[in-house]
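**Student:** Below is the structure, and that's it, no one-letter string:
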């Protein structure tokens with residue numbers, strides 16, 4: 001979908017439960033393998049985090065999310081993503097793929113200030129399940 005098309009959408013329903021994914025702020029991309037395991041087709045609609053996890057039988061982990069601009073937006077602008085989505089993307093603590101990538105990006109942007117980087121490791125997102 002093009003950005004102009006997204007702006008025109010009033011709702012983006014979860015294929016399973018019907019919740020509005022746009023309002024829930026759970027717009028993300030997972031790996032093709034993860035999406036396939038859920039039984040979804042590449043263009044078969046969208047799922048909220050809860051329904052995707054239900055289909056997979058487990059909580060999503062950082063490794064499940066694609067390295068793409070949409071997912072970067074979720075971390076760079078966490079007000080545009082649900083706490084549940086952000087908590088899954090940052091799962092794994094210090095070993096989280098996304099945490100490492102985010103710290104590297106902050107490091108490059110801030111000239112390598114270690115004290116500042118530790119403060120910017122993101123707000124502690126509790127797992128809202």
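**Tutor:** Nice, I can see it. No experiment lies behind these values; they were computed from the predicted model shown.
**Student:** which non-adjacent residue is nearest residue 40?
**Tutor:** Spatial nearest neighbour of residue 40, chain neighbours left out: residue 47 (6.7 Å); criterion: CB to CB, 6 or more residues apart in numbering. C-beta: built from backbone N, CA, C; applies to glycine.
**Student:** hang on, that neighbour packs against residue 13?
**Tutor:** No - counting by CB atoms under 8 Å, residue 47 sits too far from residue 13 to count as a contact (10.0 Å).
**Student:** if you count what's nearby, which of the two comes out ahead?
**Tutor:** Legend: neighbour count by other CB atoms under 10 Å for residue 47 and residue 13, higher for residue 47 (25 against 15).
**Student:** Contact partners for that one?
**Tutor:** 14, 15, 16, 21, 38, 40, 55 (CB atoms under 8 Å, 6 or more residues apart in numbering).
**Student:** again, 7 Å this time
**Tutor:** 14, 15, 16, 38, 40 (CB atoms under 7 Å, 6 or more residues apart in numbering).
**Student:** Could I get the pLDDT score of the residue nearest to residue 40?
**Tutor:** On pLDDT, residue 47 comes in at 97.
**Student:** if I look at it, how far off is residue 31?
**Tutor:** Per CB to CB, to the nearest Å, residue 47 is found 14 Å from residue 31.
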